[in-house]
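Below is the sequence, then the predicted model.
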Amino acid sequence: MTHPLCEQLIESVEQGLAPIQRAFDAYQNECFIPRPPEFFALELCGEAGELANLEKKRWKGAPPNDAHTADEAADVLIALMNFCNARGIDLAAAVALKLPRIGTTSQALSAPVGAQPPDEVSGSTHTAP
């Protein structure tokens, strides 16, 4: 059973993310030279690394720079959109499929020790891929 908030989130993702992804694709195709998915995968790793480095510095006591953190988070989103578009990934569909699995995993992790995993409780024969 999927949590009602998860169901609401899935609906929001399905309605809201697809048009954003299409707009990113149109903008990228119109305004920039074509790049292969591998380029965007490496760009995504680099941008995520920059964001992680800012968090590491904050964790170690450096004063936070929220504007810089927001800028790097935006770079991660842009790189992710470009990667998904270059690879032909429907991100809204992928997220909608993933969210219930995350919810099931978090329920299993928060269950008391010795409790049955959610799939065993419900009698489902679903196994994770």
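Right, received. Where do you want to start? For clarity, every value in this text was computed on a predicted model and none was experimentally measured.

In the helix or strand where A74 lies, which of the residues would be classed as buried?
With secondary structure defined by DSSP states H and E, A74 is part of helix 66-87. Within helix 66-87, the residues that qualify as buried are 72, 75-76, 78-86, counting by 16 or more other Cβ atoms under 10 Å. (Each C-beta comes from the backbone N, C-alpha and C, glycine too.)

which residues touch stretch 6-20?
Outside of stretch 6-20, the residues that reach it under the criterion Cβ atoms under 8 Å, 6 or more residues apart in numbering are 2, 81, 90-93, 95-96, 99-100, 103.

Repeat the analysis, applying 10 Å as the threshold.
In this structure, residues lying in contact with stretch 6-20 by Cβ atoms under 10 Å, 6 or more residues apart in numbering are 1-3, 77, 81, 90-100, 102-104, 106.

tell me the phi and psi of C6?
As for C6, its main-chain torsions (degrees, to the nearest 10) stand at phi -70, psi -40.

hang on, the earlier thing: among the buried residues of helix 66-87, pick out the one closest to A26, please.
Distance to A26 across those (Cβ to Cβ) is lowest for N85, with 9.4 Å.

who touches the closest one in this structure?
By Cβ under 10 Å, 6+ apart, N85 lies in contact with 21-22, 24-29, 37, 40, 91.

now, which of those residues lie within strands?
Filtering those for membership in strands, criterion DSSP state E, returns an empty set.

Give me the ChimeraX select line for those, limited to the buried ones.
Buried residues within the contacts of N85, as defined by 16+ other Cβ under 10 Å, are selected in ChimeraX through the command that follows:
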select :21,24,28,40,91
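
Now tabulate the contacts of N85 in TSV and tack on pLDDT and distance to A62.
Formatted as TSV, the entries for the contacts of N85 read as follows, by pLDDT from 0 to 100; distance: Cβ to Cβ, whole Å:
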residue	pLDDT	distance to A62
Q21	98	34
R22	98	38
F24	98	32
D25	98	36
A26	98	38
Y27	98	34
Q28	98	33
N29	97	39
P37	98	34
F40	98	29
L91	98	32
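
No further queries at this time; thank you.
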